[in-house]
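Engineer: no FASTA, just this:
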Ligand SMILES: C[S@@+](CC[C@H](N)C(=O)[O-])C[C@H]1O[C@@H](n2cnc3c(N)ncnc32)[C@H](O)[C@@H]1O
Ligand code: SF4
């Protein structure tokens, strides 16, 4: 693989890959909805697809310039979809163990819209925060700094959000602007003060290493400013350039590619940042995440989902997983709204993976944490990953990416920082050339 940041996806979000999901599997998804539930924990993901501006690097399904009436219609549809889904046998009466408001930008919604949405969700699921005597152990809410106000932050706390994740990305105004972010650094500090004052159980800051215009000096300043925020966790993504981004479209038109640092440089920058956070007492929790106090910070959404939990996905283009079946909702606005408003689940495509594929999924997602509990996987799937993928483990060791194989595999820092590029070695369709 070239070291240049070429257009194309890098991040491994799921297995088997989305390209294998088809509309032929929709009946299997609906059958899973109508069948008895699995024994896995159940979580909820809500996709809020609105943003003030489309960042030039972003590949998510987002809408900008949406009318107030359309935003209102969509938030009502989400509550309606929750009601439709909660009436199905695989969901009815089950407690929600985790909830995730993602996007897009959940904080784009007004306090009134959010309150109505949360009331609607409560009618369907009756989840409550951990401080209200049980219910969801974690309710994450993603925010873009410029969409927050002090009353909105306080309202989020009283609605039961337990984990606030702020999309900071960078502290340099020129870099934020060059990458099409809607916020500037002053809004980061202002919103952070409100978040701190509200006293959420957990706070997270997102950064991207390698934004257009980034230098090692500017990255050092961004890391220093982030350290000062003292968030409970920090997530550092390495900039990738998927095809459906403004940067790639612009490059196709002008013939000049977006000047994003190469992968080796981005890894060095993340490595440098990891060391600064470790010096401040943080510990590494995955290839992208550092946590301040591991005994206090738990990522229910990440850890349960990566270990095979059910995930009910609401919203346009949302990805879910139920009773071992993958699915995605309608990816277009009209298709999504028409289905929900007619009282139907808006499922568009899916895939029923084989047991072996589910095992590969848990291996690749689990490896992102840097340590794989192969004993648990052997008990669950009846296959020992250390034996079945012995050649891959040896290859990783030879490449300096594995610290130990036994009793369970542990990645080196080098392996952790390039983990997404290593994962296809475990894919069935990768072929023998991937087994290095
Ligand atoms: C849904 S957004 C977070 C909430 C809000 N929309 C925002 O951006 O502030 C999720 C995160 O994905 C990351 N991200 C998006 N596009 C990316 C890309 N091309 N490369 C790396 N990270 C990316 C950003 O760090 C962003 O904060
Ligand atoms: S990175 Fe966040 S704010 Fe930017 S377009 Fe994507 S979802 Fe919207």
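Structural biologist: That came in fine, so what should we check first? In this text the structure is predicted, and so the values were computed from the model without any measurement. Ligands and ions are numbered 1, 2, ... in the order given.

Engineer: So which bits of the longest helix anywhere in the chain are buried?
Structural biologist: Longest helix in the chain by number of residues (criterion: DSSP state H): helix 68-86. Judged by neighbour count (16 or more other Cβ atoms under 10 Å), helix 68-86 contains these buried residues: 71-72, 74-86. Any C-beta I mention is one placed from the backbone N, CA and C, and that applies to glycine too.

Engineer: cool, and stretch 269-278?
Structural biologist: Of the residues in stretch 269-278, 269, 270, 273, 274, 277 count as buried by neighbour count, 16+ other Cβ under 10 Å.

Engineer: Show me the helices in the stretch 1-150 of the chain, by range?
Structural biologist: With helices called from DSSP state H, counting those that start in this stretch, the stretch 1-150 of the chain shows them at 26-34, 68-86, 111-125, 150-158.

Engineer: so where's the stretch 101-250 of the chain shaky on pLDDT?
Structural biologist: Where the stretch 101-250 of the chain drops to pLDDT under 70, the residues are 127-134.

Engineer: before we move on, back to that, just the ones of the buried residues of stretch 269-278 in helices?
Structural biologist: Judged by DSSP H, these include 269, 270, 273, 274, 277 as members of helices.

Engineer: Can you give me every residue that contacts the last one?
Structural biologist: This means residue 277. With contacts taken as Cβ atoms under 8 Å, 6 or more residues apart in numbering, residue 277 has the following neighbours: 223, 227, 234, 290.

Engineer: Could you list the contact residues of the protein toward ligand 2?
Structural biologist: Within reach of ligand 2 by Cβ under 6 Å from any ligand atom, the chain has these residues: 51, 54, 55, 58, 60, 62, 103, 104, 105, 144, 167.

Engineer: dump the residue contacts of the nearest residue to residue 284 once chain neighbours are set aside.
Structural biologist: The spatially closest residue to residue 284, leaving aside those adjacent along the chain, is residue 290, at 5.8 Å (Cβ to Cβ, 6 or more residues apart in numbering). Contact criterion Cβ under 8 Å, 6+ apart gives 233, 234, 236, 274, 277, 278, 282, 283, 284 as the residues in contact with residue 290.

Engineer: and if you look at residue 71?
Structural biologist: When contacts are taken as Cβ under 8 Å, 6+ apart, residue 71 is in contact with 50, 108, 109, 113.

Engineer: any idea how far it lies from residue 181?
Structural biologist: The gap separating residue 71 from residue 181 is 21 Å, by Cβ to Cβ, to the nearest Å.

Engineer: Identify all residues paired with the residue in the chain positioned nearest to ligand 1 through a beta bridge.
Structural biologist: Distances from the chain to ligand 1, computed as Cβ to the nearest ligand atom, single out residue 167 as the nearest residue at 1.9 Å. As for beta bridges, residue 167 partners with residue 206 under DSSP bridges.

Engineer: Same check on residue 50?
Structural biologist: Assessed by DSSP bridges, residue 50 has beta-bridge partners residue 63.
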